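# Sequence plus the predicted model coming up.
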Amino acid sequence: MSEEKKTYPLARVRIQTQKRVFLESVAKMGIVEIACQKTGISRATFNRWKADDVEFRRQVMDAMNKGSEIMDDVVESKFIQLIQQGEIQAILFYLKYRHHKYNARGAIQKMLMDQADDELIVTEDEQKRIDAALKGIREYQAAEEEKLEIYMASQVASATPSSPQQPSEG
């Protein structure tokens with residue numbers, strides 16, 4: 001005779017509701033601990049659900065991937081804002097890791113070696129390349145911000161309360 005946990009219908013409904021709210025929370029940012037706090041469950045409860053429920057485990061992975069993608073978009077947007085503000089470290093990082101013309105170490109090192117008195121010295125050709133890269137980044141950012149605004153508007157429209165209402169004192 002197998003030992004199955006006996007759960008009552010109301011408890012099953014409550015657990016399913018908590019799982020749904022948890023999945024919605026983790027899909028917004030991809031961070032399990034924050035989703036646990038918002039849902040009002042412990043990390044141990046989350047781990048037990050994940051161990052006991054294969055479908056829930058799959059849904060968690062999907063939600064975490066979605067949440068990570070959203071956070072990646074937010075971080076990338078902030079990074080692009082730094083570039084547009086002329087933050088030289090952000091510009092150099094972008095050029096080194098994302099732009100095919102500047103990803104060779106030598107080009108970046110040369111630019112850094114030409115730095116004097118905290119001012120970056122660039123040739124006219126290098127400045128044209130930087131300006132062209134910034135223009136492309138601004139166009140990309142505008143498109144990404146539009147997508148993010150549409151997504152955030154859809155999230156606000158479908159938002160559910162994240163914490164229970166506190167009774168008023170009186």
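Everything's here; your move. Because the structure is predicted, anything quoted here is derived from the model rather than measured.
# This protein - how does it break down into domains?
Per automatic domain parsing, the domain ranges recorded for the chain read 10-71, 86-157.
# pLDDT score assigned to Arg105?
We have a pLDDT of 52 for Arg105.
# List the contacts of Phe22.
Going by CB atoms under 8 Å, 6 or more residues apart in numbering, Phe22 touches 35-36, 39, 41, 46. Heads up, the C-betas are built off the backbone N, CA and C, glycines and all.
# Among those residues, name the ones in helices.
Counting by DSSP state H, the contacts of Phe22 place 35-36, 39, 46 in helices.
# between those, which is closest to Lys128?
Distance to Lys128, by CB to CB, is smallest for Ala35 among the ones in helices among the contacts of Phe22, at 46.7 Å.
# remind me which residues of this protein are low pLDDT?
Low-confidence segments of the chain (pLDDT under 70): 1-7, 99-121, 155-170.
# helices or strands next to the lengthiest helix in it in the packing?
Looking across the chain with DSSP H, the single longest helix is helix 124-157. Judged by 3 or more CB pairs under 8 Å, 6 or more residues apart in numbering; DSSP states H and E, helix 124-157 is in contact with helix 54-84, helix 88-98.
# now for the shortest one, which elements pack on it?
Secondary-structure packing of helix 88-98 (3+ CB pairs under 8 Å, 6+ apart): helix 54-84, helix 105-113, helix 124-157.
# Any idea how far apart the tips of stretch 49-57 sit?
Terminal residues of stretch 49-57 are spaced 8 Å apart (CA to CA, to the nearest Å).
# which parts of that stretch are buried?
Neighbour counts using 16 or more other CB atoms under 10 Å place 49-50, 56 of stretch 49-57 among the buried residues.
# again with stretch 81-88
For stretch 81-88, burial by neighbour count (16+ other CB under 10 Å) applies to Ile83.
# Off-centre distance for that stretch?
On the basis of CA atoms, centre = their mean, to the nearest Å, stretch 81-88 sits 20 Å off its chain's mean C-alpha point.
# Using PDB, write down the CA coordinates of that stretch.
Provided in PDB are the C-alpha atoms of stretch 81-88 (Å, rounded to 0.1, in the frame of the first residue of the first chain):
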ATOM      1  CA  GLN A  81      21.400  55.000 -21.200                       C
ATOM      2  CA  LEU A  82      24.900  55.200 -19.700                       C
ATOM      3  CA  ILE A  83      26.300  55.100 -23.200                       C
ATOM      4  CA  GLN A  84      24.000  57.900 -24.400                       C
ATOM      5  CA  GLN A  85      25.100  60.000 -21.400                       C
ATOM      6  CA  GLY A  86      28.700  59.700 -22.600                       C
ATOM      7  CA  GLU A  87      30.000  57.300 -19.900                       C
ATOM      8  CA  ILE A  88      33.300  56.300 -21.400                       C
END
